[in-house]
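**Q** could you look at this predicted model? Sequence included:
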Amino acid sequence: MTLNDSVRARLKDAVGAKGFSEDANEIAPHLVEWRGKYQGQTSLLLKPRTTDEVSKILAICNETATAIVPQGGNTGLVGGQIPFYGEVLLSLSRLDRVRRVDPLDMSMVAEAGVVLAKVHEAAVEADCFFPLSIASEGSATIGGNLSTNAGGVDVLRYGSTRALVLGVEVVLADGRVLDMLRTLRKDNTGYDLKQLFIGAEGTLGVITAAALRLFPNPTTYETAFLAVRDPEAAVTLLHRLQRATGGLISAFEIIARQGLQFVLDHIPNATDPLAKPSSWYVLTEVAAAGELPLKGLVEATIQTAIEDGLVIDGVVASREAQRKALWHLRESMSEAQKFEGGSIKHDVSVPVDKIPAFLTQGIALVEKLVPGVRPVPFGHIGDGNIHFNFSVPKDGDNKAFLARWDDVSRAVHDLVRDFHGSISAEHGLGVMKRDEILRFKSETEMDVMRTLKRTLDPKNILNPGKVV
Ligand SMILES: Cc1cc2nc3c(=O)[nH]c(=O)nc-3n(C[C@H](O)[C@H](O)[C@H](O)COP(=O)(O)OP(=O)(O)OC[C@H]3O[C@@H](n4cnc5c(N)ncnc54)[C@H](O)[C@@H]3O)c2cc1C
């Protein structure tokens, strides 16, 4: 796509001298995503500072049928934020103000470009808590989090982003501003329009601000790293721990030995918390605001699980530094895999009780397709969501391995369907799964999605070629 000179001039004029870049060096980092899987191109990066500027930009794009790709922190993993055909790139990073925090209403209004870690800080300053927790939170923005309906480690307790949003401010494709920044918990006045834009990956409108739900800031944590007999034991333990603590588990993550070994081998300051290796581990955290007797409840449940042979060994963090060290292991899983060559990754979910059978069958399936492959499954077993990753066989050919991505994924996704699961639990569709999803959604469901897209973006200017 070549940008017409007069459109370029009008777009630059809409944002002023500081609001755009045509410098290839400055634009370059915005064109490649975290895994290096996608490379984009554009000659114009727009960096508006206000909702009004976003509105002017979209009005011009709509009038001139100019395609535009919204981008937040560029940590998306399915290529949704990348302009592939020279579309204008719209970075929301300068819309970075926390507009207000209201501890009595337990809400915050933050602009789209506020980095998630800053949202956390602003909440804590008001003695509140915003629970969305993902390893990319130092770069990912709240606009990107909403647009991908991000998940992360605390979904089990608090829900994914969809459940954490009270209102949104969105600029529609034609430039009109849809101000729905309400902080109401109850509002049954017709369609819940905000939910349309959450998880839409920038295809239905540009989110410029969000009203977020806050929670009491946890003060008591019990964090345990446990060697478990197998994934089935992990699911049983999850069930017992939920009952014992009245549903106060905020995270329950599974880790295979191979993944932990990669972290121990490559990540600084990573140490094995347990004396002997185990095939499977669980990292779990129970948290509460206030002095609840969590320690006794958690330790008693673990003790019984040891006696029943579900848990082989384990450690419960006794200090904050130890808690952080345990989380460091989990948060380094993706990073550590990079040191071991290429990896084929899936972000899938199945019902929680089906996870053990899915892992057994899925690993056997991929091992048959690629002998010697190294399975590195980990993630949010408490939500039935596994990052079902595979690293290239030791000393294997990286390029040849990655060339198998599509046929490995096809087999894995077919298995996911057998388990009534989802082929994208938290990362979205972007370009990566845009075509693949056609095998899993009915023609009627796709038709309703396309109808929404045509209605809200009739000229197909917003992130064309993504999702639908
Ligand atoms: C190390 C690592 C760990 C991760 N862990 C998790 C995890 O645990 N859970 C999880 O869910 N994800 C995870 N992710 C994926 C990613 O961080 C999330 O999808 C995140 O929400 C993306 O935010 P972003 O600001 O980087 O968005 P971007 O990558 O910039 O954009 C993502 C999508 O949103 C659209 N978009 C961005 N901003 C806007 C806006 N203001 N309005 C409209 N559309 C917009 C883009 O067009 C694109 O389609 C991880 C990524 C990395 C690199």
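**A** Alright, I've got the coordinates. Quantities reported herein were computed from a predicted structural model and do not represent experimental measurements. Numbers count the residues shown, from 1 in each chain.

**Q** count of neighbours near the closest residue in space to Arg410 that isn't next to it in sequence?
**A** Excluding its sequence neighbours, the residue lying closest to Arg410 (C-beta to C-beta, 6 or more residues apart in numbering) is Glu436, at 7.9 Å. Every C-beta, even on glycine, is put in place using the N, C-alpha and C of the backbone. Residue neighbour count, defined by other C-beta atoms under 10 Å, stands at 15 for Glu436.

**Q** ok, Glu436 - contacts?
**A** 409-410, 413, 423 (C-beta atoms under 8 Å, 6 or more residues apart in numbering).

**Q** near the ligand, which residues of this protein?
**A** Proximity of the chain to the ligand (C-beta under 6 Å from any ligand atom) is limited to residues 34, 69-77, 80-81, 92, 112, 134-136, 140-141, 143-145, 147-148, 150-152, 201-202, 206-207, 334, 426-427, 430, 463, 466.

**Q** quick one, helices of the stretch 351-468 of the chain?
**A** Here the stretch 351-468 of the chain has its helices, by DSSP state H, counting those that start in this stretch, at 355-369, 398-402, 405-418, 443-456.

**Q** isn't Gly76 up against Gly428?
**A** Yes - between Gly76 and Gly428 there is a contact at 7.0 Å, judged by C-beta atoms under 8 Å.

**Q** where do the contact lists of these two overlap?
**A** Shared contacts of Gly76 and Gly428, counting by C-beta under 8 Å, 6+ apart, come down to 148, 201.

**Q** which residues touch Thr75?
**A** By C-beta under 8 Å, 6+ apart, the residues touching Thr75 are 33-34, 136, 139-140, 144.

**Q** one more time with 7 Å
**A** Residues counted as contacts of Thr75 (C-beta atoms under 7 Å, 6 or more residues apart in numbering) are 34, 136, 139-140, 144.

**Q** if we can go back for a sec, closest to the ligand among the contacts of Glu436?
**A** Nearest to the ligand among the contacts of Glu436, counting by C-beta to the nearest ligand atom, is Ile423 at 14.5 Å.

**Q** what sits closest to that closest one if chain neighbours are left out?
**A** Using C-beta to C-beta, 6+ apart, the closest residue to Ile423 is His413 (4.7 Å).

**Q** mind checking what helix or strand follows the host helix or strand of Gln242 in sequence?
**A** Element membership for Gln242 (DSSP states H and E) is helix 231-245. Downstream of helix 231-245, the first helix or strand assigned by DSSP H and E is strand 249-256.

**Q** who does that following strand touch, helix- and strand-wise?
**A** When contacts are defined as 3 or more C-beta pairs under 7 Å, 6 or more residues apart in numbering; DSSP states H and E, strand 249-256 packs onto helix 155-158, helix 231-245, strand 280-288, strand 374-379.

**Q** now the residue positioned nearest the centre of the chain, nearest residue through space, not along the chain?
**A** Relative to the mean C-alpha position of the chain, the nearest C-alpha, by C-alpha atoms, centre = their mean, is the one of Ala150, at 3.8 Å. Excluding the flanking residues, the one nearest Ala150 by C-beta to C-beta, 6+ apart is Thr161, at 5.0 Å.

**Q** and the one you found, how many neighbours?
**A** 25.

**Q** that one against Asn145, yeah?
**A** Yes - here Thr161 reaches Asn145: they are 5.3 Å apart, a contact under C-beta atoms under 7 Å.

**Q** which residues do those two both contact?
**A** Leu132.

**Q** from the chain, which residue is nearest to the ligand?
**A** Gly144 (2.1 Å).
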